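K.L.:
Give me a 3D structure for the following:
(chains A and B)
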Amino acid sequence: MARKKKVRAIAAMARKVREYWALKRRPRDSERFALDYATMSRPYSGKKLPALAHRDIRAESRLFQLLNRLPLFGIGRLLTKKSWLLAYDQPCYWAVSKVKVDYTAQDMDHGKAWGVLTFRGKTEDTVKEIDKVMYHDWRLVPKHEEAAFTSFTPVPETTIRYVPYPPLLRAMILAQRQKEGKPIGEEPMIDLERNRHFPKDYFKNLDLKKQAEGTPV
Amino acid sequence: MAATFLRQSARLGRGLVERAVTKRCLLSAAYLDSQKWDQRKKDPQNLAELAALMDITYEKKLPVSSLTIARFIDNISSREEVEQAEYYLYKFRHSPNCWYLRDWTIHSWIRQCLKYDARDKALHTVRNQVQYGIFPDNFTFNLLMDSFIKEEDLTNALAVVSEVMLQEVFDEQCTQLLSLYVLHKYRHSKPELKSEDERNLGAILLLVGLKQHNTVGFSSQLLGLALLGKVELSKGIRAVYTKMPLIWTPGYLIRALNVMENMVKASNGKRLCKEAVDAMATILETAATETSEPTVTDESQEIKQEAELDEDADDNEKSKLTDYLNKFKELYADLESLGKIEAESLLTLTDKLVKENLPSSEAAEILNYKKKLEKWEEEHATLIQREKELKEKARQEREARLALKAASQT
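P.N.:
Prediction:
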């Protein structure tokens, strides 16, 4: 290249200062997720919330609106979502283990939380961050109902492996068998667990294999 | 003349003695004794200095340690300082360290409020636990409740019990007994109940009744579920479980009937109070007569659509009311034939229960309290130690920096 890049010390310092200011003035959870209940839009980003959620927003509460009333911000309590209650029969809940509250909120109703998820009866083994904390969808499981809520008898899953062919294809297969002179064996069935994913060069290799085998002489 | 005067003074004297005796004090003097609390190590600090320190720390947006606020509350010595402490508690709650507010600080705050006659302040902070971060433990709740019971201030005592309910800490026997006493005395005075009050009362009765496995417990459960069922029928299931520690599956009246059924099948010698069963009967009958009248709603289109979706669940309940009535009548007949209806009023039963069980549970709790005090002392000492070490480290670093600067200048 022509000449070395000039070292601009003041610009570098200005960049550092601007990064520091951005860190100090970063928007807290309470600002980002503040909601105007009249117009159902977020003042921070100006976006409107989806119309199907309006009913829930008026009726239900966010996670921290439930947690701020509990001692130790609800560590050790179980929390469900209304959407899970409607969608699944099996119990789905988060067991809260760690909480970081946004202290700039007036009613302490924003923040981040971590916990262990039990989804459709299966408990995971790692602590993860609870997502969708700001959704108006959460419900607290009362202590006296915890045992009844979490009791779950797993139903053994029955997965079907063999499925009959569609009628035309079945007819074609049976006709092929007849033409080749093979006896009509059992019903042709599709194996659902057969390797479904062909590698990219499978068909190219097929042609190559055919060429390698050569002509029958 | 002198004789009449003497007689009058004697009558007055007797009246005074009677009035002093009628002040019911449930917890024993040993429980309420603040000697052990006063005997712990004092850490005298100047409140003005602590206040100034906290103000500077908040202005610089640095975190205030829980030790500072603990020291502030321990050294309160007058009513005005109680007000200042309330302000600093609010500020601490809205600071990054809000999770670390210690148990002993909360206990100390309630004790100081009671000492300096600021009971309404204590109740206000406990009610707004969201804003002040005051989550007392059972012992502290018992102290607060007893001070209200002594003054026969049942509405405020009931407010304390509803806070215990909202936090679902009916774990200790003492708390359960005290709350049962407050509840049944309040009900006995037959107050005017709006539906929110009924719902609160029902929830408290249910939660306390679940812990007590005796006649009072089961009757309270039945009464609580009946009240909640009444609110469910009039306002819908959403009004029942919103902001309450209650489950959202509709059918509180069925659960009440299940309690009665369990009593019929159970063979543990426990009975149901006639009061509770009668209350259930009145609720079912009034509800059955009311469903024949149409409800008039005067809402906008959108809310009407939502209300229609909600009312589907409620309509199920209303249609089942006649079934409930019939089932109730059968169960009542069964209970009577088995002799499981207790004729005494709930109030007398609760009084008896409290008298019998309170002293024994108090002894256990006083022991626990002593152990807790020791644990708190240790924590306090570790915190002070840590603060000293941090200050020492900061001082050394500052001196090193100053020495470096002086060396570079010369």
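K.L.:
From here on, just use CA atoms for contacts and neighbour counts.
P.N.:
Will do.
K.L.:
in chain B, which spans are strands?
P.N.:
In chain B, the strands defined using DSSP state E lie at B:272-273, B:341-342.
K.L.:
mean confidence for the first one?
P.N.:
Translated: strand B:272-273. For strand B:272-273, mean pLDDT rounds to 82.
K.L.:
other SSEs contacting that strand?
P.N.:
Contacts defined by 3 or more C-alpha pairs under 8 Å, 6 or more residues apart in numbering or on different chains; DSSP states H and E place strand B:272-273 against helix B:215-235, strand B:341-342.
K.L.:
partner strands of the shortest one, parallel or antiparallel?
P.N.:
Right, the one you point to is strand B:341-342. strand B:272-273 (parallel) (DSSP bridges).
K.L.:
and residue B:182, how many residues sit next to it?
P.N.:
Counted with other C-alpha atoms under 10 Å in any protein chain shown, the neighbours of residue B:182 add up to 26.
K.L.:
Enumerate the residues of chain A near chain B.
P.N.:
Residues of chain A found near chain B (C-alpha under 8 Å from any C-alpha of the partner chain) are A:55, A:66, A:68-73, A:101-108, A:140-145.
K.L.:
Double-check that residue A:116 belongs to a helix.
P.N.:
No. The assignment for residue A:116, made by DSSP: H, G, I helix; E, B strand; the rest coil, is strand rather than a helix.
K.L.:
Buried ones among the residues of chain A next to chain B?
P.N.:
The neighbour count (16 or more other C-alpha atoms under 10 Å in any protein chain shown) marks A:66, A:68-73, A:101-105, A:107-108, A:140-144 as buried among the residues of chain A next to chain B.
K.L.:
Just those residues: which are in helices?
P.N.:
Among these, the ones falling in helices (DSSP state H) are residue A:66.
K.L.:
Next, work out how far apart the closest residue to chain A within the stretch 51-200 of chain B and residue A:61 are.
P.N.:
Residue of the stretch 51-200 of chain B nearest chain A, by C-alpha to the nearest C-alpha: residue B:94 (5.0 Å). Using C-alpha to C-alpha, to the nearest Å, we find residue B:94 at a distance of 21 Å from residue A:61.
K.L.:
give me the low-pLDDT residue ranges for the stretch 1-150 of chain B?
P.N.:
Flagging of the stretch 1-150 of chain B using pLDDT under 70 yields the residue ranges B:1-24.
K.L.:
What parts of it come near chain A?
P.N.:
Within the stretch 1-150 of chain B, the positions near chain A by C-alpha under 8 Å from any C-alpha are B:93-96, B:98-99, B:129-131, B:135.
K.L.:
Check the residues you listed and tell me the two furthest apart.
P.N.:
Within those, B:96 and B:135 form the most distant pair, 17.6 Å apart (C-alpha to C-alpha).
K.L.:
With neighbour numbers in mind, choose between those two.
P.N.:
Comparing residue B:96 with residue B:135 by other C-alpha under 10 Å, the one with more neighbours is residue B:135, at 26 against 18.
K.L.:
Which residue, other than its chain neighbours, is closest to that one?
P.N.:
The shortest distance from residue B:135 to any non-neighbouring residue, by C-alpha to C-alpha, 6 or more residues apart in numbering or on different chains, is to residue A:71 (5.7 Å).
K.L.:
One more: residue A:193?
P.N.:
Counting by C-alpha to C-alpha, 6+ apart, the residue nearest residue A:193 is residue A:161, at 6.5 Å.
K.L.:
I figured that neighbour was touching residue A:194, is that so?
P.N.:
No. Look at residue A:161 against residue A:194 with C-alpha atoms under 8 Å: they stay out of range, at 9.4 Å.
K.L.:
between those two, which one's more packed in?
P.N.:
A count of neighbours by other C-alpha under 10 Å puts residue A:161 above the other of residue A:161 and residue A:194, at 11 against 8.
K.L.:
Residue A:132 in helix, strand or coil?
P.N.:
Under three-state DSSP, the three-state class of residue A:132 is coil.
K.L.:
Kindly report the same for residue A:179.
P.N.:
Secondary structure for residue A:179, judged by three-state DSSP, is helix.
K.L.:
Can you tell me the number of residues neighbouring it?
P.N.:
Residue A:179 has 10 neighbours, counted by other C-alpha under 10 Å.
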